[in-house]
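Just a sequence and a predicted model for now, questions to come.
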Amino acid sequence: MISVVSSDDLLIKSIQKHLPDNEVVRAKTIESVNHQNTKTLVVTDEFLHHNDFIDYDFSMYEYVFYVMQNEVIDVLESSIKGLCDGYNIHYISSRFTNEQVAEQIKHAITPSEKKKKNIFSFFSTVSNVGSTSTTFSTAFSVSENTDAKVAVLILNAWDSGADYIDYKATYLDQVKDSILSSRYDDNEEFESLFQEVKKDSLYVMLGNRNTKLERLYTKEEIERVITRAEEVFDIVIIDGGCHYDNANIIQTLYSSDYHFLVLNQQEKLKRKWEEVYQNILQPLGFQKEQFLLVLNRFHNNPNMPTIKDLRNQYGMNVLTAIEESPNGYLSEFNKKSLYQFDDMPYREAVNVIGRTIAASAGFEFKDGSRRRKFFSL
């Protein structure tokens, strides 16, 4: 039996939907829980303050989940997760939707078979490092070298990503008010939001252009966009940006099967990364092993950190190092991806990411960049 101490009817319904083989009951307080029959306890911060953990014996339950519903500052969230770890309680952040809370509970108590991985995200810790350009280049790499139907989502709330494509389709801010409606249950209707770069191969939807909406997207809206893209396309490649004060990047990271952290050799990026990881990502349950480093605009300079140096400093594996392309300005001026220029070292470095994505999603990577011309936007 799963006992839920919460006043949120939607949360309880989500748990019932995701765990139909379990009896899910509501309890008004922790004291009123049927301890003898309850295997799993779910309690929200509305009914239990984190400072009161010490007053309860949680050892009688096989699983305990502490669900935050009130947003707290990052440093406090990290502290609360530490308390949960000490009491063997599963911490679930307020940044997650009720559906995602239920999914986390289900995954913890009934691990399922591994699903095919087809959502891949790029993000960084400061702006202008190249997460958007690398997202576009990787999408071209995968599209050019596989038979997959690839979607690019620019979910950076602070940048539409319009620098690398002559865009004529729908922007994220244009669907904000309607994305949760049943209108986009139709696959063709949803696909029509994207610009078709190449039929059955590459599709793009650019992000937010409205500065008033930068922090106003809800976690449900972003989850809906990602989920529908996953259902319609074979591979979804997302640019989450570098700002962690909005639902866009948090939902992007949570929904992704692979996370590519785009960095360069700047010293300040290490400090920013540690701040983001310790205060935001770690409390959300992420581990450093879940991220792969993509070193962008890399310089082989004896006075700058080497690949080995950066791997050791960040404590993460480096997937690829992309040397700075001489076509950066031309790329933005011509609204073309850097992958479309005749720069074989750049394309080969990006293809390392492309092969990783193709293999994870179950597609053969043809590696035909030396034989074929690239289609243009």
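Cool, the structure landed. Numbering: from 1, shown residues only.

Only C-alpha atoms from now on, for both contacts and neighbour counts.
Will do.

what mean pLDDT would you report for the lengthiest helix in the chain?
For the chain, the helix with the greatest residue count under DSSP state H is helix 344-361. Averaged over helix 344-361, pLDDT sits at 94.

now the strands for the stretch 1-150 of the chain?
If you assign secondary structure with DSSP state E, counting those that start in this stretch, the strands in the stretch 1-150 of the chain sit at 2-5, 24-26, 40-44, 63-67, 90-92, 119-123, 150-154.

Turn these into a markdown table, columns for mean neighbour count and distance to residue 163.
A markdown table is the format used below for the strands of the stretch 1-150 of the chain (neighbours: other C-alpha atoms under 10 Å; distance: least, C-alpha to C-alpha, whole Å):
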| stretch | mean neighbour count | distance to residue 163 |
| --- | --- | --- |
| strand 2-5 | 25 | 48 |
| strand 24-26 | 18 | 50 |
| strand 40-44 | 22 | 43 |
| strand 63-67 | 22 | 40 |
| strand 90-92 | 21 | 37 |
| strand 119-123 | 27 | 16 |
| strand 150-154 | 28 | 12 |
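
closest one to residue 280 among those strands?
Closest approach to residue 280 among the strands of the stretch 1-150 of the chain is made by strand 90-92 (12.4 Å; C-alpha to C-alpha).

Show me what that closest one is packed up against.
Packing partners of strand 90-92 (3 or more C-alpha pairs under 8 Å, 6 or more residues apart in numbering; DSSP states H and E): strand 63-67, helix 74-86.

quick one on the thing from earlier: nearest to residue 324, of the strands of the stretch 1-150 of the chain?
Closest among these, using C-alpha to C-alpha: strand 119-123, at 17.9 Å.

So what touches that closest one?
With contact meaning C-alpha atoms under 8 Å, 6 or more residues apart in numbering, strand 119-123 is reached by 131-132, 134-135, 230, 235-242, 252-253, 255-262, 357.

neighbouring strands for it, and are they parallel or not?
Strand pairing for strand 119-123, determined by DSSP bridges: strand 235-241 (parallel), strand 258-263 (parallel).

Tell me which of those strands is the most buried.
Using mean count of other C-alpha atoms under 10 Å, the stretch among these with the largest mean neighbour count is strand 235-241, at a mean of 28.

Now do it: distance to the chain's middle.
Centroid separation for strand 235-241 versus its chain: 8 Å, with C-alpha atoms, centre = their mean, to the nearest Å.

contacts for it?
With contact meaning C-alpha under 8 Å, 6+ apart, strand 235-241 is reached by 118-124, 127, 131-132, 135, 139, 148-159, 229-230, 248-249, 252-253, 361.

now the angle from it to strand 150-154?
Between strand 235-241 and strand 150-154, the angle comes out at 10 degrees (axes from the mean of the first three to the mean of the last three C-alpha atoms, to 10 degrees).

quick one on the thing from earlier: quickly compare the helices and strands packed on strand 90-92 and say which is most buried.
Highest mean neighbour count among the helices and strands packed on strand 90-92 (mean count of other C-alpha under 10 Å): strand 63-67, a mean of 22.

Could you export that strand as CSV, CA atoms only?
What follows is strand 63-67, C-alpha atoms only, in CSV (Å, rounded to 0.1, in the frame of the first residue of the first chain):
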residue,chain,number,x,y,z
TYR,A,63,10.3,3.7,0.7
VAL,A,64,9.8,7.3,1.8
PHE,A,65,9.4,10.2,-0.6
TYR,A,66,9.5,13.8,0.5
VAL,A,67,7.8,15.9,-2.2
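
Given it, what are its sheet partners and their directions?
In the sheet, strand 63-67 lines up against strand 40-44 (parallel), strand 90-92 (parallel) (DSSP bridges).

Out of the ones you listed, flag the one nearest residue 57.
Nearest to residue 57 among the strands paired with strand 63-67 is strand 40-44; the distance by C-alpha to C-alpha comes to 11.8 Å.

so for the closest one, what's the average pLDDT?
Rounded to a whole number, the mean pLDDT of strand 40-44 is 97.

Give me the contact list for that strand.
Under the contact criterion C-alpha under 8 Å, 6+ apart, strand 40-44 has outside partners 1-6, 30, 61-69.

if we take those, which one ends up nearest to residue 208?
Nearest to residue 208 among the contacts of strand 40-44, with distances taken as C-alpha to C-alpha, is residue 69, at 26.4 Å.

isn't that closest one right next to residue 49, touching?
No. With contact defined as C-alpha atoms under 8 Å, residue 69 does not count as touching residue 49 (11.5 Å).

of the two, who's got more company?
The residue with more neighbours, out of residue 69 and residue 49, is residue 69; 17 against 12, by other C-alpha atoms under 10 Å.

Quick check: the more buried one vs residue 277, distance?
Distance of residue 69 to residue 277, given as C-alpha to C-alpha, to the nearest Å: 21 Å.

and if you look at residue 10?
Distance from residue 10 to residue 277, counting by C-alpha to C-alpha: 30 Å.

can you give me the helices for this structure?
Using DSSP H, the helices of the chain run over 9-18, 74-86, 98-109, 131-145, 172-175, 187-191, 219-232, 247-255, 268-276, 307-314, 328-334, 344-361.

Which strands and helices lie in contact with the longest one?
When contacts are defined as 3+ C-alpha pairs under 8 Å, 6+ apart, helix 344-361 sits against helix 131-145, strand 317-323.
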